[in-house]
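Colleague: sharing a sequence plus its predicted fold:
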Amino acid sequence: MSDATAVAASPTPAVKPRFISSMALPRLAYPLLAVLCVMLWLPGILSLPALDRDESRFAQSSRQMLDSGNFVDIRFGQVPRYKKPVGIYWMQVAATAIAGHVENLADGQDTKIWTYRLPSLIGGIAAVWLTYWLGSVFAAEVGLVAALLLGFSVLLTAEATIATTDAVLLATVIGVQGVLLRIYRASADGTPITTRPAMWGWAAFALGILVKGPVIAGVAAATIAALLIWDWRAKTGISWTWLKAIRPAWGMALTFLIVAPWLIAIWRESQGTFFQQSLGNDFAAKLAGGQESHGAPPGYNLALSAIAFWPAILFVAPGVGLGITKAKEPMVRFLLAWAGSWWLICEAVPTKLPHYVLPAYPALVILTAFWVLMPKGEDQGLKPGWRKTLSTAAILQYLIGLAALSAAPVWLPQLYGGGFVTGLIASAAVGGLIGLGALIMLLTGARLIALSLALLSFLILTPSLTMGAGPRLTDLWLTQALKTLVAKDARPGDPAPALAGYEEPSLVFALGADVNLTDGSGAARQGADFGGLALVDDYERPKFLARLAELQSDAVPVDEARGFDYSRGKKVHVTVYRVRKLITAPPSEHGVTH
């Protein structure tokens, strides 16, 4: 990467930091960031049970892949799961196999959700490291502050704690965008760049395709399109020819070599069904309308950023404002094109989930780091009215997020658990007061002190939620209660339980792929044929009992559990029945049973 280093060293950064980095900072930054991320994220990884719905679907599909030894096909229970490519499943399989070997887990005991979360932890750390690497193009301090703002954000903390795709995807996005930025800057400076950095970018691109399909292509394409239009309209003097340095022919060949083997294998395995379901039924459906009740109007992501981007949100709006005043600088223009284009796409797409905008965060935190490190009095490019508006908006968003995160450890156990916990009240109060201190320091102009206090506040509030309040939210962990009841009530020779009504993916992960996901009538039919347990919620119980009566069988309630199904937003009551197996006489000579 010698040429990338040369590019990073050439001309002066677009925004000068407040202080000059020491020679030790680049050496210390990576281990420091890794330790802080592990401190922040590991409590949630180890303490929270498997979540509904996506996390449990990913983990269960990876578990079945590990158990079956089929590393091409992707299945959840008895049906194919053809929504995302195989990359994250392979990572979860590898992490679980290694962790299981270290822990000496016996066969069939691969239901510890933390092992499936390890790729997200590693992906999150990689994303933070790559943000430091990318920000260091401007200055080492910019990279460090940006990496801290990204790692200490609610959204990345959530994604790095659960077994889904987005933390790993973010790392691949930053890898691609970092290479693009260096190539774009080299073109603006007239600096040559060799093929090697471009190939590293294409390798990250291929990995991103294997993890989440075309999303990474969308981020890169949106950035490139925005830059081309901007450069053309503003007459910046940078032509489209900088794209030649991306080495598209070589890059597509490398991408094909990495991605094609599995694509061909899954095409043969699924007879083409994977592409129909993943690109047609899943990806295209998200673009066409609000899929799975996740539709929301434009502005949703901006409103949610008060919590999702906390505590960085205190500095983001002024940072973007400063970036706009420095947009003539090629690298700043690149960051604005990256963040702005992807954010607008996410606001325009009908289906909206909080993590969709995560690929825009690295560009935003680098712009934010510029502002935090800018000496007071040197960021006056914006008109006073706009500067006041942006600062006011940032403060209001910050206060909303602070109030929510401080109240959650106190309020959630009261709402979904056993009541107030004194220790959590104390930690929430301390974290909240430190968060207010960050705001006061910002208002006095002490930006670095404000940043330090905001990060410290987050470091206190996050474990209070994940390790403190999370396990105490017993009403939300209905699956854990049912798993315990099934273990207590099961008898040798029982078939896998039938699930009617409450059939969240976490329950499949807890009980295994052989459970029968059905309705009340189907649960009665299985019980009459094979006996065993049926887990029936109140909505399906009338059909369950009616069908049993038709079959001339019966069931005895042996246990029950109540909880709150947060995926559907409703209270649930599930009864555990033991169903009597019908005994059928052998056929007579005339084929008539008695």
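Modeller: Happy to help now that I have it. Numbers count the residues shown, from 1 in each chain.
Colleague: neighbours around Arg196, how many?
Modeller: As a burial measure, Arg196 scores 13 neighbours (other Cβ atoms under 10 Å). For glycine as for every other residue, the C-beta is placed from the backbone atoms N, C-alpha and C.
Colleague: buried set for the host helix or strand of it?
Modeller: Arg196 is part of helix 195-212 when elements are defined by DSSP states H and E. Residues of helix 195-212 classed as buried: 197-198, 200-212 (neighbour count, 16 or more other Cβ atoms under 10 Å).
Colleague: same check, this time on stretch 484-501
Modeller: For stretch 484-501, the neighbour count (16+ other Cβ under 10 Å) marks 485-486, 489-490, 495-501 as buried.
Colleague: what is the mean pLDDT for it?
Modeller: pLDDT averaged over stretch 484-501 equals 96, rounded to a whole number.
Colleague: A strand includes Asn70, no?
Modeller: No: according to DSSP: H, G, I helix; E, B strand; the rest coil, the state of Asn70 is coil, so it is not within a strand.
Colleague: ok, now which ones touch it?
Modeller: By Cβ atoms under 8 Å, 6 or more residues apart in numbering, Asn70 lies in contact with nothing.
Colleague: my read: Ile45 touches Arg117, true?
Modeller: Yes: checked against Cβ atoms under 8 Å, the pair Ile45 and Arg117 is within contact range at 4.8 Å.
Colleague: okay, the buried residues of stretch 484-501 in JSON lines with secondary structure next?
Modeller: As requested, the buried residues of stretch 484-501 are arranged in JSON lines below (three-state DSSP):
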{"residue": "Leu485", "secondary structure": "helix"}
{"residue": "Val486", "secondary structure": "helix"}
{"residue": "Asp489", "secondary structure": "helix"}
{"residue": "Ala490", "secondary structure": "coil"}
{"residue": "Pro495", "secondary structure": "coil"}
{"residue": "Ala496", "secondary structure": "coil"}
{"residue": "Pro497", "secondary structure": "coil"}
{"residue": "Ala498", "secondary structure": "strand"}
{"residue": "Leu499", "secondary structure": "strand"}
{"residue": "Ala500", "secondary structure": "strand"}
{"residue": "Gly501", "secondary structure": "coil"}
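Colleague: which pair of the residues you listed spans the longest distance?
Modeller: Based on Cβ to Cβ, the longest span within the buried residues of stretch 484-501 runs between Ala490 and Gly501 and measures 19.7 Å.
Colleague: elements contacting the helix or strand where Ala127 lies?
Modeller: Here Ala127, judged by DSSP H and E, is contained in helix 113-135. With contacts defined as 3 or more Cβ pairs under 8 Å, 6 or more residues apart in numbering; DSSP states H and E, the packing partners of helix 113-135 are helix 25-47, helix 54-68, helix 87-103, helix 140-151, helix 154-161, helix 166-189, helix 361-373.
Colleague: now those helices in TSV, with mean neighbour count and mean pLDDT?
Modeller: Written out in TSV, the entries for the helices and strands packed on helix 113-135 read as follows (neighbours: other Cβ atoms under 10 Å; pLDDT from 0 to 100):
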stretch	mean neighbour count	mean pLDDT
helix 25-47	17	93
helix 54-68	23	96
helix 87-103	18	89
helix 140-151	27	96
helix 154-161	26	98
helix 166-189	25	96
helix 361-373	28	96
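Colleague: ok, which of these comes nearest Ala561?
Modeller: Using Cβ to Cβ as the measure, helix 54-68 is the one of these that comes nearest Ala561, at 17.5 Å.
Colleague: mind listing residues that contact the closest one?
Modeller: Here helix 54-68 has contacts from 50, 71, 73-77, 81, 88-89, 92-93, 96-97, 108, 110-111, 113, 116, 162-165, 504-506, 508-509, 513, using Cβ under 8 Å, 6+ apart.
Colleague: give me the buried subset of those.
Modeller: Buried subset of the contacts of helix 54-68 (neighbour count, 16+ other Cβ under 10 Å): 50, 73-77, 81, 88-89, 92-93, 96, 110-111, 113, 116, 162-165, 504-506, 508-509, 513.
Colleague: who touches both of Ile45 and Arg117?
Modeller: Overlap between the neighbourhoods of Ile45 and Arg117 consists of Thr161, taking contacts as Cβ under 8 Å, 6+ apart.
Colleague: which residues touch the residue nearest to Ala95 when sequence neighbours are not counted?
Modeller: Nearest in space to Ala95, with sequence neighbours left out and distances taken as Cβ to Cβ, 6 or more residues apart in numbering, is Leu118 at 3.9 Å. Taking Cβ under 8 Å, 6+ apart as the contact definition, Leu118 lies against 45, 92, 95, 99.
Colleague: ok, the most centrally placed residue in the chain to Met91 distance?
Modeller: Among the residues of the chain, the one closest to the centroid is Glu159, at 3.1 Å (Cα atoms, centre = their mean). Distance of Glu159 to Met91, computed by Cβ to Cβ, to the nearest Å: 14 Å.
Colleague: check Phe509 too.
Modeller: Using Cβ to Cβ, one gets 17 Å for the distance from Phe509 to Met91.
Colleague: that older thread, show me which of the buried residues of stretch 484-501 is closest to Gly468.
Modeller: Taking Cβ to Cβ as the measure, Leu485 is the one of those closest to Gly468, at 26.2 Å.
Colleague: on the three-state scheme, the nearest residue to that closest one once chain neighbours are set aside is what?
Modeller: With Cβ to Cβ, 6+ apart as the measure, Asp559 is the residue that lies nearest to Leu485, at 4.4 Å, once sequence neighbours are left out. Judged by three-state DSSP, the three-state class of Asp559 is strand.
Colleague: my read: Asp559 touches Arg578, true?
Modeller: No: contact between Asp559 and Arg578 fails when scored by Cβ under 8 Å: they sit 9.4 Å apart.
Colleague: got a pLDDT number for the nearest residue to Tyr30 once chain neighbours are set aside?
Modeller: Counting by Cβ to Cβ, 6+ apart, Trp129 is the residue found nearest to Tyr30 once chain neighbours are left out, at 5.8 Å. Here, the pLDDT recorded for Trp129 equals 98.
Colleague: got the contact list for Trp129?
Modeller: If you count contacts by Cβ under 8 Å, 6+ apart, Trp129 has them with 30, 33-34, 147.
Colleague: now Leu180
Modeller: If a contact means Cβ under 8 Å, 6+ apart, then Leu180 has 201, 220, 223-224, 246, 334 as its contacts.
Colleague: which parts of the stretch 301-450 of the chain are helices?
Modeller: Taking DSSP state H, counting those that start in this stretch, the helices of the stretch 301-450 of the chain run over residues 313-325, 330-348, 361-373, 384-416, 422-443, 447-463.
Colleague: tell me which of the ones you listed sits nearest to Leu25.
Modeller: Distance to Leu25, taken as Cβ to Cβ, is lowest for helix 361-373 among these, at 13.0 Å.
Colleague: which strands or helices does that closest one pack on?
Modeller: helix 113-135, helix 140-151, helix 166-189, helix 313-325, helix 330-348, helix 447-463.
Colleague: nearest to Val574, out of those helices?
Modeller: Taking Cβ to Cβ, helix 113-135 is the member of the helices and strands packed on helix 361-373 nearest to Val574, at 20.9 Å.
Colleague: tilt between the closest one and helix 87-103?
Modeller: Computed by axes from the mean of the first three to the mean of the last three Cα atoms, to 10 degrees, the angle separating helix 113-135 from helix 87-103 equals 120 degrees.
Colleague: so helix 113-135 versus helix 54-68, what angle?
Modeller: Taking the same axes, to 10 degrees, helix 113-135 and helix 54-68 form an angle of 110 degrees between their directions.
Colleague: shift numbering so it begins at 28
Modeller: Happy to do that; since the first residue is 28 now, the last one works out to helix 140-162.
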